[in-house]
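Q: when you get a sec, could you give me coordinates for this:
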Amino acid sequence: MTTTAPVADARALGLAHYAARGLLEHFLAAHGLTFERQVALRVAVTAEAPLTPDELATRARGALKSGPDAVRADLDRLVAERLLVADGPHLRPTDAGRELLAAVGAEVAPHAARVWDGIPAADLAAAGRVLALVTERAEAELRLLAA
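A: This is a model prediction of the structure:
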């Protein structure tokens with residue numbers, strides 16, 4: 001008996017995204033953090049240099065594909081929660097912000113490891129190439145729509 005591998009398409013990609021995001025959001029919710037605020041905080045934490053609010057908002061919007069008002073509200077909330085702090089013209093992550101991301105990462109890690117366990121390296125490489133191409137093409141379409 002042979003089985004046919006499922007074909008990667010937009011639905012399969014969406015289902016995988018929402019399943020993985022749902023797993024992450026379970027742990028974020030326990031810390032009172034939304035997915036969107038986590039993305040913005042992660043951008044600040046992983047930046048090579050401190051970012052201005054505009055730079056941070058632009059990068060978070062690029063990751064989330066959301067509107068500027070929503071991202072600005074998320075940044076304001078991160079500042080109010082003392083996960084980001086204004087430092088001159090920049091927003092910097094606080095120790096509490098870094099610790100929160102580390103805690104969530106530690107909680108998610110064993111679950112994520114089980115999700116990815118046993119997937120052959122060649123399959124991961126092929127999926128990575130396909131996802132990079134889909135991302136590139138979808139972002140090009142978004143740029144056309146915005147023009």
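
Q: tell me the bridge partners for L84.
A: Here L84 sits in beta bridges with P93, going by DSSP bridges.

Q: which stretches of this structure form helices?
A: Using DSSP state H, the helices of the chain run over residues 10-30, 35-46, 53-64, 68-80, 95-116, 121-146.

Q: pick the most buried one from those helices.
A: Comparing the helices of the chain by mean neighbour count (mean count of other Cβ atoms under 10 Å), helix 35-46 ranks first with a mean of 20. In this view, the C-beta of every residue, glycine as well, is placed from N, C-alpha and C.

Q: what is that one packed up against?
A: For helix 35-46, the elements it packs on are helix 10-30, helix 53-64, helix 68-80, strand 90-93, helix 95-116, judged by 3 or more Cβ pairs under 8 Å, 6 or more residues apart in numbering; DSSP states H and E.

Q: closest to L124 out of those?
A: L124 lies closest to helix 95-116 among these, at 7.9 Å (Cβ to Cβ).

Q: what sits up against the closest one?
A: Here helix 95-116 makes contact (Cβ atoms under 8 Å, 6 or more residues apart in numbering) with 20, 23-24, 27-28, 30-31, 33, 38, 41-42, 44-45, 78, 82-84, 124.
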